[in-house]
Every structure is written in C-alpha cells, then in structure tokens.
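Chemist: sequence-free structure coming up:
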C-alpha cells in the first residue's frame, strides 16, 4: 500500500469512528423517555408464574432499565378518589388504570402490564415524547404505554380521573375499560383506528399492533414479525378464575371455527 492510500485509509477509519461516536451522542441526546419500567401489583397476592416470566424477560432484554413496582404502599391513593374506591372494592385493574398514568406523568418511563413479555430492547422508541400501539383495528392498547416526565399526552389522560368517583351515586361502579376511554380520547385528537403508524410530534406516537401486541385478544394467536418487541398475553389476572377459563375456552373455539360465528352466538345470547 502506498503512502497516499495508507493516509486515506487512516482518515477514512477516523471518520467512521467519529461518525459512530456522534451517532451514540445523538441517540443519547434524542432519548426523551427515561429507562424506567413501571408495573402495578395491588392486592398483596403473590405474583403468578406468567408475571414472573414476563418480568424476567424485562431483566433479560432491558438490563439497564430500573424496574419499579407500584402498590398500596407507594401509590398516593388519597389523591385519586377513583383509585381509592376501586381498591376498597378490590377492583385492582381500575386502580392500575390511574396508577400507571400517575407513574408515567410523575417520573416518566414505560408502563407494562405484568403479562407483557419483551422480546428485544425498547431503546429505539425512547426518542418519542410518548408511545404506545394498536391492539387491533378498533382499539389502542394500554398494556404497554410510555411517556416522558410531565408529558402532555399522559397528563391529559390522567386528567380524566380528576375528582372522578369509581362508585356512582346509585351504587354502581364505573367499570368502563381504559382501552375504550383512551381510544375515544385519541379519536377526538384525530387518530384513526387504522393499525398504522401515526404520530403527533411532541404528543404521542402509535405503532401497528405487530410491534407491541402481536397476539390476538380474540383468538389467542401470535403473529410475530421482525418488528415485534413485546407480546401482551392478555392474562387478565384480576378477573375470577372461572371467567378466565371461559375466556380461554372462547379463544379455543375461535381458533377452530373463526371469531365471527362465535361472536354471532354471543350477540344472540345477549339479545335474549
């Protein structure tokens, strides 16, 4: 190799090293969401095996992330009458609906249900002000959500629960699912339920369901792609065991005959 080619090769190597260094600095500067995972566990029962498996996957693929459990001891229930009344009635899922938003708004980070299994790092999504994804063509999921500290999106979601009771005046409970509530709020913001990437910069980004929710809630089928970072297993650990078994049986039947015939029968029974 001649001297000129040697010098050119050395200069090229230095440029590549400089570019890699600049990319690392740029990625660090672009990181908006902190490397913190929040999860909720109310009721003081032991974690089920699936939850332990999922948390183990977080530790495997997200070793640099701090993992924070929220429970009766560290969540300020007195600030949210909805959550306090839900806990008093042992409706833990609805306590979690409020707690996850509080944790993200107060500290920033990624919230995950205890039945969400990670498949790879989530670092590539941390440059957003907030992110989540689609569950299907009808809803956005709430099993995995993320936000920067004091983020506008999560602050608006949390405001929904301001001074809102869980127990209504007639004694009934406010058990509308948070997926429905947030989906309706996002429609009002102009997001279409199209299962495609959509973003309002500085607010929130939504990814197609194969990123965070490749398992069908209706059939239980998992369809992974190269994009898949998580699997939400829809364990529904807060509902009675008998109801969970009915849901599993429903999924098994749907796998055999499809979801439309099953849904037709369910709708027919409800109308009787």
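Modeler: Okay, I see it. This one's a predicted model, so the numbers in the text were calculated from it and none came from an experiment.

Chemist: for the rest of this, base every contact and every neighbour count on C-alpha atoms.
Modeler: Will do.

Chemist: skip the chain neighbours and tell me the closest residue to residue 161.
Modeler: In this structure, residue 161 finds its nearest non-sequential neighbour in residue 82, 6.7 Å apart by C-alpha to C-alpha, 6 or more residues apart in numbering.

Chemist: what helices or strands is the helix or strand containing the one you found leaning on?
Modeler: Using DSSP states H and E, the secondary-structure element containing residue 82 is helix 81-88. Using 3 or more C-alpha pairs under 8 Å, 6 or more residues apart in numbering; DSSP states H and E as the contact test, the elements touching helix 81-88 are helix 92-107.

Chemist: what does the helix or strand following the helix it packs on rub up against?
Modeler: Sequence order places strand 109-112 as the next helix or strand after helix 92-107, per DSSP H and E. Contacts of strand 109-112 from elsewhere in the structure, counted by C-alpha atoms under 8 Å, 6 or more residues apart in numbering, are 33-39, 100, 104, 143-149.

Chemist: now, these that are in helices?
Modeler: For the contacts of strand 109-112, the ones inside helices are 100, 104, with DSSP state H as the criterion.

Chemist: so which of the contacts of strand 109-112 belong to strands?
Modeler: 36-39, 144-147 (DSSP state E).

Chemist: still on that earlier bit, give me the buried subset of the contacts of strand 109-112.
Modeler: Burial by neighbour count, judged by 16 or more other C-alpha atoms under 10 Å, picks out 33-39, 100, 104, 143-149 from the contacts of strand 109-112.

Chemist: circling back to that earlier point, in the helix holding residue 82, which residues are buried?
Modeler: Result for helix 81-88 [16+ other C-alpha under 10 Å]: buried residues 81-87.

Chemist: cool, and stretch 66-77?
Modeler: Of the residues in stretch 66-77, those buried under the neighbour-count criterion (16+ other C-alpha under 10 Å) are 67, 70-71, 75, 77.

Chemist: likewise stretch 92-99?
Modeler: For stretch 92-99, the neighbour count (16+ other C-alpha under 10 Å) marks 92-99 as buried.

Chemist: sorry, back to before: in CSV: the buried residues of stretch 66-77, plus secondary structure and distance to residue 215.
Modeler: As requested, these are exported to CSV (DSSP: H, G, I helix; E, B strand; the rest coil; distance: C-alpha to C-alpha, whole Å):
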residue, secondary structure, distance to residue 215
67, strand, 24
70, strand, 26
71, coil, 27
75, coil, 30
77, helix, 33
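
Chemist: export the residues you listed to TSV and append columns for distance to residue 232.
Modeler: Below are the buried residues of stretch 66-77 laid out as TSV (distance: C-alpha to C-alpha, whole Å):
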residue	distance to residue 232
67	18
70	19
71	21
75	24
77	27
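
Chemist: re the thing from before, any idea how far residue 167 is from the residue nearest to residue 161?
Modeler: When distances are taken as C-alpha to C-alpha, to the nearest Å, residue 82 and residue 167 turn out to be 8 Å apart.

Chemist: just residue 205 next, same as before
Modeler: Noted for residue 205: a distance of 33 Å to residue 167, by C-alpha to C-alpha.

Chemist: pLDDT below threshold where in the stretch 1-150 of the chain?
Modeler: Counting by pLDDT under 70, the stretch 1-150 of the chain shows low-confidence ranges at 1-29.

Chemist: in the protein, what residue spans correspond to strands?
Modeler: So, for the chain - with DSSP E - the strands run 36-40, 66-70, 109-112, 116-118, 130-133, 144-147, 198-200, 204-207, 230-232.

Chemist: you'd agree residue 102 is up against residue 158?
Modeler: Yes - the pair residue 102 and residue 158 passes the contact test of C-alpha atoms under 8 Å, sitting 6.8 Å apart.

Chemist: tell me how this structure divides into domains.
Modeler: Here the domain assignment for the chain is 31-238, 241-272, based on automatic domain parsing.
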